[in-house]
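**Student:** dropping the sequence and predicted coords here.
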Amino acid sequence: MTAHLAENLFATNELGAQTFKIAVRDSHPTPWSYAHFRKQLFAAARKNHEDAVEWLVVAALRREPSYAVGEILTGLRGNAEALGSAAEVAAFQAQHLAAESPELAIAAQFWEALLAADSQIIPRSALHPLGRRAFVDSVPNESWPPAMVRTLELTGGEIDMCTEVADRCS
């Protein structure tokens, strides 16, 4: 598909947006799609299109150009729902990664960046899905508790999967 054809297919009208949403839902991300549809991916993610959010997180984990963790957080700035979805997707994607995996290191950077960000950039409610990190067994036990304690401090104790978090702490 040429860039010109793609631009026409995913035009900036409502029909183009719906076509893009279907394409993201029913296909797999490629370096070409990341290179040509960055603007549309962020726009869809800001509208809480979960598949677009997942594509963004996967792009960061794959180290795709222009999709670093900081760029994703900036692109979703202030959107608690999209940022929360991104936090959950990053944790979900990390669940079965080996401890030495480069993708796990990026997922950890994602968590650290969420915790370090100003609350106007990352609303604290976006941190609630970080409870899924309880399932990321490859994060060493010496580094997991301090990050989770910080998460709980920032959310006032409100977190998804609180039972699983408590089990991991025990």
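**Tutor:** Thanks, I have the structure now.
**Student:** so the residue nearest the centre of the chain is in which element?
**Tutor:** Central residue of the chain (Cα atoms, centre = their mean): residue 86, 2.4 Å from the mean position. Assigned by DSSP states H and E, residue 86 belongs to helix 80-94.
**Student:** equivalent analysis for residue 104, please.
**Tutor:** helix 102-116.
**Student:** the next helix or strand after that helix: which residues count as buried?
**Tutor:** Next in sequence after helix 102-116, counting helices and strands by DSSP H and E, comes helix 144-155. Neighbour counts over helix 144-155 (16 or more other Cβ atoms under 10 Å) mark 144, 147-148, 150-152, 154-155 as buried. In short, each C-beta sits where N, CA and C put it, glycine included.
**Student:** go on, stretch 129-145?
**Tutor:** 129-136, 138-139, 144.
**Student:** ends of that stretch, how far apart?
**Tutor:** Taking Cα to Cα, to the nearest Å, the first and last residues of stretch 129-145 lie 16 Å apart.
**Student:** quick one: it to chain centroid distance?
**Tutor:** 16 Å (Cα atoms, centre = their mean, to the nearest Å).
**Student:** can you list contacts of that stretch?
**Tutor:** Contact partners of stretch 129-145, identified using Cβ atoms under 8 Å, 6 or more residues apart in numbering, comprise 84-85, 87-88, 91-92, 94-95, 97-99, 101, 104, 107-108, 111, 114, 147-148, 151, 159-162, 164-165, 167-169.
**Student:** any of those buried? List them.
**Tutor:** Buried among these by 16+ other Cβ under 10 Å: 84-85, 87-88, 91-92, 94, 97, 104, 107-108, 111, 114, 147-148, 151, 159-161, 165, 168.
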